[in-house]
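Undergrad: Need a 3D model of the sequence below.
(chains A, B, C and D, ligands or ions: 4)
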Amino acid sequence: MSSTTMTQKQGFAATLWDYLTTVDHKKIAVLYLIGGGFFFILGGLEALAIRIQLIQPNNDFVSNGFYNEIMTMHGTTMIFLAAMPLIFALMNAVVPLQIGARDVAFPFLNSLGFWLFAFGGILLNCSWFLGGAPDAGWTAYAPLSVVSPGHGVDFYVLGLQISGAGTLIAGINFLVTIINMRAPGMTYMRMPLFTWTTFVVSALILFAFPALTIGLFLLMFDRLFGSGFFDASLGGNSIIWEHLFWIFGHPEVYILILPAFGVFSEVIPTFSKKRLFGYTAMVFATVLIGFLGFMVWAHHMFTVGMGPAANSIFAVATMAIAVPTGIKIFNWLFTLWGGNIKINSAMLWSLGFIPSFTIGGMTGVMVATAPADYQYHDSYFVVAHFHYVIVGGVVFAIFAGLHYWWPKMFGKILNETLGKITFWTFFFGFHLTFMIQHFLGLMGMPRRYAVYLPNQELELGNVISTIGAFLMAFGAIVFVINIIVTTTKGEQVSGDPWNGRTLEWAIPNPVPHYNFKQLPLVRGLDALWIEKTEGRKELAPAEPLDDIHMPNPSILPFVMSLGLFIAGFGFIYQVDHPSWLIVLFIGMGITLGTMFIRSIKDDHGHHIHKEDLDEEAR
Amino acid sequence: MKGWMGKIRVLFLLSLLTFILSGCGKENLTAFLPKGYGAEVSLDLIILPLVVMVFVFLVVMAIFVFVLVRFRQKKGQEDFIPKQTEGNKVLEVVWTAIPILLLLIIAVPTVQATFDLADESSKGDALNINVTGNQYWWHFNYDEQDIQTSQDLYIPTGERVYLNMMSSDVIHSFWVPSITGKMDTNPENENTMYIEANEEGVYYGKCAEFCGPSHSLMDFKIIAVSPEEFETWVADMQNVDPEETVAQDATEAVQEGRELFDEYSCINCHAIGSSPTAIGPNLTNFGDRTKVAGVIPSAVDEQYSKEDLVNWILNPDELKPGNKMTDAGYLSDESFGEEEASKIADYLMQLQPSEITPDDAGEGLTVEQ
Amino acid sequence: MSQDHTLNPEVMPSEPEKATLEGKNKFLGFWFFLGGETVLFASLFGTYLALQGSTMGDNTPEKLFGLGLVFIMTMLLLTSSLTSVYAIYHMKNNDFRKMQLWLGITVILGFTFLGFEIYEFYHYIHGYEFTFRSSAFGSAFYTLVGFHGGHVLFGLLWIVTLMVRNAKRGLNLYNAPKFYIASLYWHFIDVVWVFIFTVVYLMGVI
Amino acid sequence: MAENTNLDYQKKKNKEEMKQQVITFALMIVFTIIAFAMVLSDLDKLFVVPILFLLAVVQVIFQLYYFMHMSHKGHEMPAFMMYGGIFAAFLTLLGLTVLVWW
Ligand code: HEA
Ligand code: HEA
Ligand code: CUA
Ligand SMILES: [Cu+2]
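TA: Ligands and ions are numbered 1, 2, ... in the order given. Take a look at the predicted model:
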């Protein structure tokens, strides 16, 4: 029945098949890591191309049109295909373990979510080879995105639609997992903060992504089927797109940053050997940020002409978010206060985050000041702001989280020396790249400029910025080397190498695929730490040893996503020739067919008998 | 709004002196050295939050550094377990309350300034100009004065001028950092903004909303002249007779250029005089421009030459990818060559209806710098 | 197999849809999905409201909409909501045959509704030359109402699949949640329709 | 077994609930008829529109609470997330109706 018993010594084909069909959250985490990592490198290379082009005025490293494609794809790739999947990798790897669950609520959907993301991302990037990538900015403002020639923006629309569906599924999955699958005793107010942020973020996904879905549909209808939503000559209104995009887009940035806050809230207590300061306030602040995040979207539209009343309201509402975020910053500082702080790579990223993100948040409040934003908007000041929060917040968190949970995911600790080299070069390069951009912006350099003109005193700043980007690239390469070195040379460590506090560290290494032989009984916040202070090594079981019910692997999620991928081409090219409709129908047929199969074929999963448990664990 | 804020601004500018010396941007481009009312208001609201932010940042960094120095793990202390504090109500209230106060300090002037900058009470009496953003050039229509022009926006100093802004295609954004912050031009609805220049000068404008391949080449200029000079300019522009654009004593090339201009249907897209233009910039005072198509040549302080103009007429797409002149019929017309272009250029360059040119916009900031 | 026993207990519990962990998860997950759908339709409604007046002087809502048809359609869908409640009622009483019967009636009502909708669209397109591309209003109208129609169609196919699939095996703890959430979906479709007939049709003609 | 009496009790309870639902349904029909009638009558628009809206909201509450059983216990999370969705939906509608025309 189960093929997983044989995972150890299988050939390449078998491993591949295993990953294509897996529904195990830990393996899906690895898939997300590979996918997200790949796209991060791709987006990073695009960033380098941007910086090379801008190293001198009137540069012709790339043409204007190509620059726009690179710039658009950099933003789109980084946000949708790199940052979010990498965060999902951490959430998948950690959340079920942190709440004491055997798997997520919907293992099948978990796999489907990943494959949708993967195929959406691939579809989007196919555009490079098929006549040009999207070139209307990651925000794809209409009507530019409607009139943009070629198929680039069509790939944007369908690629994001498909991967967006995957994200929505993942969001619902985490919500239900966290609500229904917590181990006995794990009340809401005992959940680790990473779980809490995952929870809130999943809710944000649930309510934010539908707006993007509709926006993308409208854009697709306008581009591919001749409707007039954004076409002024048919009475359409392009501002609708801006609203829909930002109703999604602003919560999206908190979707990125909240899990990052979650990571730091795990790393900092562990390496300060102290309980998180103000846990309740941290939870409250997380929820509040999520809530407020829905009410500020129009701060991206101060210059659209919404009128002074709307601008004022959104400006003030936006500033309000500084308060809960400040609560978090100070709580981290006071977690460190009085602690026994051990500084290693994971901790370095977390410490580096505090000043970096604070600067980014503060420029956030500055751009929220509407009359000042008339100057900042669409200038490099905004580029500086959001890279400070995204790189200084999200990317730092991903690095911190990977260093921290690598031993849980792969059984080995990443090399410390290489880790520190990565941190210092990346950190230094990051500030070098983006600090100067604040000034460039106010000196009159608008963003999304393929070239800037000579003699405007913008040269020096751009050179500095480009140098910084290369330092970051150096750091990133060292990290890749680190992974290779660790994988080939690193030593296996125990299940709890950091003297951790939360449940995931209560499981031995390697993590058995059913996670917990017996579900643990949670007795408070920092469940493992409580047991440790009382002299025990592990948690008391909450149930007798019994058969364990596990889901079956399935290839259907892969096929379902593949169907949509194929259908995507049909949608895009049917405008050129109706015979492409056949492709559309084949693709949709595959997808609906697999849905049908899934629906009529009973899949009860399988049981691991308690007698086999030890053997299964290997 | 003014008063003490003004003083802070002076202080700030002084303290930025070093920075200015090392360059805080081109004087007629940067937002750091405002030359107009909008830019001043914005700068006030850049400085005030910045001061607050620097304060908050210093507090955060003070705690941060202290904590790291004081509580970093010491040798032999690896197993020390510190006290597991849960929280501290007083502290938590403090760091909730103080930020709220600080934000209020920012929020109040923000709201005031937002309404101030949207004030339209004097619109009826003021000079109104209709601004149209096009891929990739700007059109200015002085409706009441019956003047049409493109690329260069002439305004009088010291008074509010209202801009009514629309786009003819995709969204653009009107930004002249040293005069005022930006405002979008949307295809379906008109936006209004006022500008007020304090000093004469030529100020660089940029398109700040992503609008396609030549987004970064969609420059324009505000030419602020004294009110008297502005009067003169208006009168001169109103006097233009589209039929009589060639001077009596013009060279033969110019005369021929005039005819070629019609022959190759340039006039289909480019109006001369006050008739509204459909597709391309109005060329009435083209001879007074400092740039061809807003950016050519691209080095900022250089004036275009005839060579540049001929080059533009022959290869518009190369110089401004994706611009709409690429569709012009003459480009695929075999009979059109360098010679024709040169004659047309001669004609266009003598279109100088007004004695007021960018050179009149005060010293220091003009192209001849 | 132990599976059989746990999924086909001798006595069905009173809430068979939530008797297993899978059932509980499905139940919750589906509700959340509906929460997301709320935003989805709100975006469509918002777009429609913003573009309602952009008729380009032709084919305004007043001119197009006939209330008689809409009234019939509303009655059909409302009734089908009740019939699906009946179906779930019988599910809870563990009466599989009656449940199937009421679901069958629901499906018939649903298809009739869909038939009317198709007729309505056909009528607009051919009678008035009012299409998806006529104006921004046209685009918004067909998109909003069409999205709802698409949901109806999907719901119908889903319920039919469930009915056919489980016709032979009867009710158990494995399929009860499936029937239950399909009925939730069906009610949600009705919720959306209530707003469509109010916002689009009724407010459109006054 | 006690199970069986329990079941009978449950059946009775279900039946009572069913009665309630039929009443709900009847009300919904009535509301719908009122709504249509109001539109056909020549009442003032400013008066009709809010009422139409109110009727729609009430109908939806009926659907959610009675037909979809949100009134039952065990629906705290669904209710929470539905309200979350309604909140986001409300903001979206507000944005698109009020701010698009500035
Ligand atoms: C991770 C992503 C992330 C995060 C967390 C944020 C956080 C914030 N952002 Fe940012 N933002 C982006 C990503 C992000 N942003 C992106 C990608 C864009 C550009 C999109 C595009 O156009 O392409 C953008 C653009 C953007 C704009 C539009 C600018 C423009 O285009 O003109 C605005 C305007 O208000 C804004 C504001 C804010 C604010 C107020 C916060 C706040 O949440 C910050 C709060 C944090 C702090 C303030 C620091 C800590 C607090 C204290 C230490 C307490 C004391 C502080 C005070 C009293 C001030 N952001
Ligand atoms: C998650 C989000 C994210 C991240 C991480 C980044 C990271 C970076 N970004 Fe950017 N960026 C955006 C999101 C992000 N960005 C968005 C949304 C926009 C707006 C787009 C738009 O306007 O539409 C933008 C726009 C943007 C611009 C403005 C473009 C313009 O307006 O014209 C610039 C310019 O400097 C820039 C630079 C960078 C740089 C230097 C990095 C660096 O931090 C990148 C560092 C990483 C690397 C350099 C990876 C290198 C790795 C390798 C080299 C590995 C090689 C490996 C092997 C050989 C195995 N980004
Ligand atoms: Cu016009 Cu950018
Ligand atoms: Cu935002």
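Undergrad: Pretty sure A:Val365 sits in a strand.
TA: No - going by DSSP: H, G, I helix; E, B strand; the rest coil, the assignment for A:Val365 is helix, not a strand.
Undergrad: which SS class is the residue lying closest to B:Pro353 once chain neighbours are set aside?
TA: Once flanking residues are discounted, B:Pro353 sits nearest to B:Val240: 4.7 Å by Cβ to Cβ, 6 or more residues apart in numbering or on different chains. Backbone N, C-alpha and C define where each C-beta goes, glycine included. Using three-state DSSP, the structure places B:Val240 in coil.
Undergrad: Please apply the same query to the one 4 residues further on.
TA: Three-state assignment for B:Glu244 (three-state DSSP): coil.
Undergrad: if I look at it, how far off is ligand 2?
TA: Applying Cβ to the nearest ligand atom, to the nearest Å, the value for B:Glu244 to ligand 2 is 46 Å.
Undergrad: Now for that residue, how many residues are close by?
TA: By other Cβ atoms under 10 Å in any protein chain shown, the residues close to B:Glu244 number 9.
Undergrad: what about it, distance to ligand 1?
TA: The spacing between B:Glu244 and ligand 1, counted by Cβ to the nearest ligand atom, is 48 Å.
Undergrad: Please state the backbone phi and psi of that residue?
TA: Dihedral pair for B:Glu244: phi -120, psi 60, per degrees, to the nearest 10.
Undergrad: any idea which element A:Val583 lies in?
TA: Following DSSP states H and E, the helix or strand that holds A:Val583 is helix A:580-600.
Undergrad: er, B:Ala224 I mean
TA: Element membership of B:Ala224 [criterion: DSSP H and E] is strand B:220-225.
Undergrad: Run through the neighbouring helices and strands of that strand.
TA: Applying 3 or more Cβ pairs under 8 Å, 6 or more residues apart in numbering or on different chains; DSSP states H and E, one finds that strand B:220-225 contacts strand B:152-156, strand B:201-207.
Undergrad: CSV please, covering those strands and showing mean neighbour count, mean pLDDT and distance to ligand 3.
TA: Formatted as CSV, these follow (neighbours: other Cβ atoms under 10 Å in any protein chain shown; pLDDT from 0 to 100; distance: least, Cβ to the nearest ligand atom, whole Å):
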stretch, mean neighbour count, mean pLDDT, distance to ligand 3
strand B:152-156, 24, 94, 15
strand B:201-207, 25, 93, 3
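Undergrad: so which of these comes closest to A:Asp576?
TA: Among the helices and strands packed on strand B:220-225, the nearest to A:Asp576 by Cβ to Cβ is strand B:201-207 (32.0 Å).
Undergrad: since we're on A:Leu33, how many residues are nearby?
TA: Per other Cβ under 10 Å, the neighbour tally for A:Leu33 reads 22.
Undergrad: Next: the one 10 residues further on.
TA: Residue crowding around A:Gly43 was assessed by other Cβ under 10 Å; the count is 21.
Undergrad: That one: which element?
TA: helix A:25-53.
Undergrad: How about that helix and ligand 2, any contact?
TA: Yes - under the criterion of Cβ under 6 Å from any ligand atom, ligand 2 is reached by helix A:25-53 at A:Ile41, A:Gly44, A:Leu45, A:Ala47, A:Leu48, A:Ile50, A:Arg51.
Undergrad: Not including adjacent chain positions, what is the nearest residue to the residue in chain D positioned nearest to ligand 2?
TA: In chain D, the residue that lies nearest ligand 2 is D:Gly95 (21.7 Å; Cβ to the nearest ligand atom). Counting by Cβ to Cβ, 6+ apart, D:Gly95 lies nearest to A:His243, which is 4.8 Å off, once chain neighbours are set aside.
Undergrad: ok, now D:Pro78?
TA: Spatial nearest neighbour of D:Pro78, excluding adjacent residues (Cβ to Cβ, 6+ apart): C:Trp31 at 3.6 Å.
Undergrad: Run a quick check on that neighbour versus D:Met82, I expect a contact.
TA: Yes - here C:Trp31 reaches D:Met82: they are 7.0 Å apart, a contact under Cβ atoms under 8 Å.
Undergrad: Can you give me the neighbour number for A:Gly249?
TA: Residues lying near A:Gly249 (other Cβ under 10 Å) number 19.
Undergrad: Would you mark the buried spots in stretch B:353-364?
TA: B:Pro353, B:Ser354, B:Ile356, B:Thr357, B:Pro358, B:Asp360, B:Ala361, B:Gly362 (16 or more other Cβ atoms under 10 Å in any protein chain shown).
Undergrad: so what's the second one up against?
TA: Translated: B:Ser354. Each residue near B:Ser354 by Cβ atoms under 8 Å, 6 or more residues apart in numbering or on different chains is listed here: B:Thr232, B:Trp233, B:Asp236, B:Met237, B:Asn285, B:Asp288.
Undergrad: how close does it sit to C:Leu171?
TA: 89 Å (Cβ to Cβ, to the nearest Å).
Undergrad: how close does the residue of the stretch 51-200 of chain A found nearest ligand 3 sit to A:Leu218?
TA: Distances between the stretch 51-200 of chain A and ligand 3 by Cβ to the nearest ligand atom are smallest at A:Leu144, namely 8.9 Å. To A:Leu218, A:Leu144 is 15 Å away according to Cβ to Cβ.
Undergrad: before we move on, what about B:Ala278?
TA: Here B:Ala278 is placed at a distance of 30 Å from A:Leu218 (Cβ to Cβ).
Undergrad: Tell me which of those two has more neighbours.
TA: Per other Cβ under 10 Å, whichever of B:Ala278 and A:Leu218 has more neighbours is A:Leu218, with 26 against 10.
Undergrad: Could you pull out the helices in chain C for me?
TA: For chain C, applying DSSP state H gives helices covering C:2-7, C:21-51, C:61-64, C:67-92, C:96-128, C:136-166, C:176-195, C:203-205.
Undergrad: Mind checking if the longest one is in reach of chain D?
TA: This points to helix C:96-128. No - Helix C:96-128 is not in contact with chain D by Cβ under 8 Å from any Cβ of the partner chain; minimum separation 11.5 Å.
Undergrad: Any residue of that helix touching chain A?
TA: No - interface with chain A: helix C:96-128 contributes nothing (Cβ under 8 Å from any Cβ), its closest point being 14.1 Å away.
Undergrad: any idea which element B:Val131 lies in?
TA: B:Val131 belongs to strand B:127-134 when assigned by DSSP H and E.
Undergrad: thinking again about what came up before, wait, which of the buried residues of stretch B:353-364 is closest to B:Gly124?
TA: Closest approach between the buried residues of stretch B:353-364 and B:Gly124, by Cβ to Cβ: B:Ile356, at 26.3 Å.
Undergrad: Surely that closest one is in contact with B:Val234?
TA: No - using Cβ under 8 Å, B:Ile356 makes no contact with B:Val234, being 9.1 Å away.
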